[in-house]
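1. give the three-dimensional model of this entry:
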Amino acid sequence: MRCVDNVRMLIVDAVQTAKAGHSGMPLGMAKVGYILYRHVMRYNPRNPKWFNRDRFVLSAGHGCLLQYICLHLAGFQSVQLEDLQRLCLVVGPQVTLRMWLPMALKPLGQGVANAVGLALAEAHSAARFNKPDAVIVDHRTFCIMGDGCVMEGISHEAASLAAHWKLNKLTLIYDDNLNTIDGATSLAFSEDISARFKALRWNTITVDDTHNDMEAIKNALLSAFRETEKPTFIRVKTDR
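-> I've put the predicted structure just below:
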């Protein structure tokens, strides 16, 4: 918990100092970001472009500060405290489309499609180059998306392809906080997202209490490693 508290305080301080950025999503998903970078993902901060590193895409680009801080605390030399104070562009993220915030992915849902593409590239390369006695390509792709992402058609279409192609090394994490820039999601959105992904033939998991049960988040993420046929969709409820 102390590590997560440090992440959250850096988020608050960065927004306060830079007088810019969004703090809501990073604060709500701080535990998920910490567990991903500390316990789940495989990478080398001294070699950000290591070929077989796990890929991480933040489709909910307005929460880019979470990724910045996780990179900083993970030891990436390209992300110093001065960068957090200015919300500067850094080395480490996989994809970006610069708009009104550095590292923000727009339009919403685009990051989901990017993640599917990265997972497809891994599967294709593994099938082409791996041998029984020489596994060269063996990495996973993780993506965080928000309510705005699931409202866009591009995320649905990409998710359908991911299941059809059996991209089992793809994990999509949904920040279910019941909130959008316009207010509560109930203003325009009421569908069961877990049911949608289950219908698309994804392995679906729900973590109901992200605030008091960090182990549940970790177990959900690690359980995706045991899935051999389907991509994994993890709905984390951060609305409390």
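2. list of residues touching the helix or strand bottoming out on mean pLDDT in the chain?
-> Least confident helix or strand, the chain: strand 179-180 with a mean of 74, by mean pLDDT, DSSP states H and E. Strand 179-180 is contacted from outside by Gly24, Asp147, Gly148, Thr185, Leu187, Ala188, Phe189, Asp239, using CB atoms under 8 Å, 6 or more residues apart in numbering. Using the backbone N, CA and C atoms, a C-beta is placed for each residue, glycine as well.
3. tell me the SS of Ile144?
-> Put simply, Ile144 is strand when judged by DSSP: H, G, I helix; E, B strand; the rest coil.
4. check the one 4 residues further on too.
-> Following three-state DSSP, Gly148 is assigned to helix.
5. surely it meets Gly111?
-> No. Between Gly148 and Gly111 there is no contact under CB atoms under 8 Å: 10.7 Å.
6. more neighbours: those two, which one.
-> Counted by other CB atoms under 10 Å, Gly148 and Gly111 do not tie: Gly111 has more neighbours, with 30 against 21.
7. how about the more buried one: what's its closest non-neighbour residue?
-> Ser59 (2.5 Å; CB to CB, 6 or more residues apart in numbering).
8. who touches the one you found in this structure?
-> 105, 108-112, 114-115, 143-146, 149, 155.
9. can you give me the helices for the chain?
-> 2-18, 24-28, 30-35, 64-74, 81-86, 110-129, 147-151, 153-164, 193-199, 214-223 (DSSP state H).
10. least reliable of the ones you listed going by mean pLDDT?
-> Least confidently modelled of the helices of the chain is helix 81-86, at a mean of 80 by mean pLDDT.
11. what residues does that one touch?
-> Counting by CB under 8 Å, 6+ apart, Leu10, Asp13, Ala14, Thr17, Ala18, Leu65, Tyr68, Ile69, His72, Cys88, Val90 sit against helix 81-86.
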